[in-house]
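Chemist: no FASTA, just this:
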């Protein structure tokens with residue numbers, strides 16, 4: 001897209017592409033926050049809700065991928081996704097299917113709040129993956145924000161929420177969901193760096209995840225949604241949890257590092273806590289509000305220093321270089337100058 005000097009383009013010059021990416025990520029995280037509330041209220045077993053979540057969203061992403069392919073069928077776009085290794089799509093789908101199944105099982109097995117807390121432990125595993133060299137290496141801001149965010153999460157949900165009567169395996173399953181989701185984010189980040197389109201990624205993820213989860217149909221616990229309430233909840237889960245939520249998060253990872261993004265995604269339990277107040281009558285205590293504040297501060301900490309920048313795009317791109325190390329900074333800088 002060519003730049004112009006018209007007045008109509010002026011407002012966009014005050015919002016860097018990175019700010020837009022953070023906004024997209026937050027919107028996706030909030031949309032994902034509806035999933036625990038919807039899953040907990042279903043009469044369907046966890047296996048069924050996880051399967052239908054990806055099965056029903058797959059045709060939509062396939063249609064969007066086809067439409068985008070026709071729309072971008074130009075000579076200069078001919079090789080857009082040809083260099084992306086197929087195994088990365090399949091790997092992302094495997095990690096997502098594993099995360100989805102373990103998360104849904106944990107939510108049904110233990111307290112919803114604690115399940116949400118443990119499944120949002122993804123930043124811990126992202127840090128481990130980064131140190132191992134699988135993704136962006138965590139920086140000093142992430143190192144300072146992670147402990148604050150974790151303490152805030154504990155205060156938000158409270159140790160009293162741990163149910164001694166709940167099966168111990170449920171807590172390990174919830175923690176495993178965090179590890180799988182961190183692996184999924186890492187793989188999606190790699191796909192975006194290879195130039196994969198968001199719709200193509202989500203089409204692969206939903207179709208392959210449905211195939212990975214299809215053996216669940218043979219289990220005795222598997223059920224097809226029948227009642228109106230369950231059908232509406234499943235459709236809402238598909239819309240907010242998959243089409244909007246995961247779609248926006250995947251799109252945002254094109255420009256954002258996984259480490260910082262994993263911290264920002266911790267806004268999900270904050271949304272759940274706020275939503276549970278009017279919907280479930282669960283009032284927030286002063287300690288919980290303090291915990292929410294700590295998580296929000298940690299999110300503010302990981303956003304680079306140019307988050308509040310309203311200067312020229314050239315100055316904004318220069319500050320990007322100081323915010324991200326190596327080739328990633330140069331890539332984001334070029335995108336900022338190109339889109340401004």
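Modeler: Arrived safely, thanks for sending. Owing to the predicted nature of the structure, the values given are computational and were not obtained by experimental measurement.
Chemist: C-alpha only now, for contacts and for neighbours.
Modeler: Noted.
Chemist: which intervals of the stretch 51-200 of the chain have sub-threshold pLDDT?
Modeler: Within the stretch 51-200 of the chain, the stretches with pLDDT under 70 are 70-82, 112-113, 158-163.
Chemist: quick one: the helices in it, in order.
Modeler: 86-109, 112-119, 122-131, 140-157, 168-193, 198-213 (DSSP state H, counting those that start in this stretch).
Chemist: angle of the second one against helix 168-193?
Modeler: Spelled out, that is helix 112-119. 50 degrees (axes from the mean of the first three to the mean of the last three CA atoms, to 10 degrees).
Chemist: elements contacting helix 112-119?
Modeler: Applying 3 or more CA pairs under 8 Å, 6 or more residues apart in numbering; DSSP states H and E, we find helix 112-119 packed against helix 34-40, helix 86-109, helix 140-157, helix 168-193, helix 267-280.
Chemist: over to the first one?
Modeler: Taking 3+ CA pairs under 8 Å, 6+ apart as the contact definition, the neighbouring helices and strands of helix 86-109 are helix 34-40, helix 46-71, helix 112-119, helix 168-193, helix 198-213.
Chemist: hang on, the earlier thing: with mean neighbour count added, can I get the helices of the stretch 51-200 of the chain in a markdown table?
Modeler: Compiled in a markdown table, the helices of the stretch 51-200 of the chain are given as follows (neighbours: other CA atoms under 10 Å):
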| stretch | mean neighbour count |
| --- | --- |
| helix 86-109 | 22 |
| helix 112-119 | 24 |
| helix 122-131 | 22 |
| helix 140-157 | 20 |
| helix 168-193 | 23 |
| helix 198-213 | 23 |
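Chemist: want to throw those into a markdown table with distance to residue 61?
Modeler: Formatted as a markdown table, these follow (distance: least, CA to CA, whole Å):
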| stretch | distance to residue 61 |
| --- | --- |
| helix 86-109 | 14 |
| helix 112-119 | 25 |
| helix 122-131 | 25 |
| helix 140-157 | 33 |
| helix 168-193 | 16 |
| helix 198-213 | 5 |
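Chemist: could you point out which of the ones you listed sits nearest residue 228?
Modeler: helix 86-109 (20.3 Å; CA to CA).
Chemist: contact partners of that closest one?
Modeler: 36, 39-40, 45-47, 49-50, 115-116, 119, 166-167, 170-171, 173-174, 176-181, 183-184, 187-188, 191, 201, 204-206, 208-210, 212-213 (CA atoms under 8 Å, 6 or more residues apart in numbering).
Chemist: re the thing from before, rebuild the helices and strands packed on helix 86-109 as JSON lines, extending it with distance to residue 273.
Modeler: Listed next are the helices and strands packed on helix 86-109 as JSON lines, based on distance: least, CA to CA, whole Å:
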{"stretch": "helix 34-40", "distance to residue 273": "10"}
{"stretch": "helix 46-71", "distance to residue 273": "21"}
{"stretch": "helix 112-119", "distance to residue 273": "8"}
{"stretch": "helix 168-193", "distance to residue 273": "18"}
{"stretch": "helix 198-213", "distance to residue 273": "28"}
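Chemist: these: which one's closest to residue 275?
Modeler: Closest approach to residue 275 among the helices and strands packed on helix 86-109 (CA to CA): helix 34-40, 8.6 Å.
Chemist: gap between that closest one and the chain center?
Modeler: 15 Å (CA atoms, centre = their mean, to the nearest Å).
Chemist: who does it touch, helix- and strand-wise?
Modeler: Short answer (3+ CA pairs under 8 Å, 6+ apart): helix 34-40 packs on helix 86-109, helix 112-119, helix 228-236, helix 267-280.
Chemist: with distance to residue 139 added, can I get the ones you listed in JSON lines?
Modeler: Below are those laid out as JSON lines (distance: least, CA to CA, whole Å):
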{"stretch": "helix 86-109", "distance to residue 139": "24"}
{"stretch": "helix 112-119", "distance to residue 139": "23"}
{"stretch": "helix 228-236", "distance to residue 139": "37"}
{"stretch": "helix 267-280", "distance to residue 139": "20"}
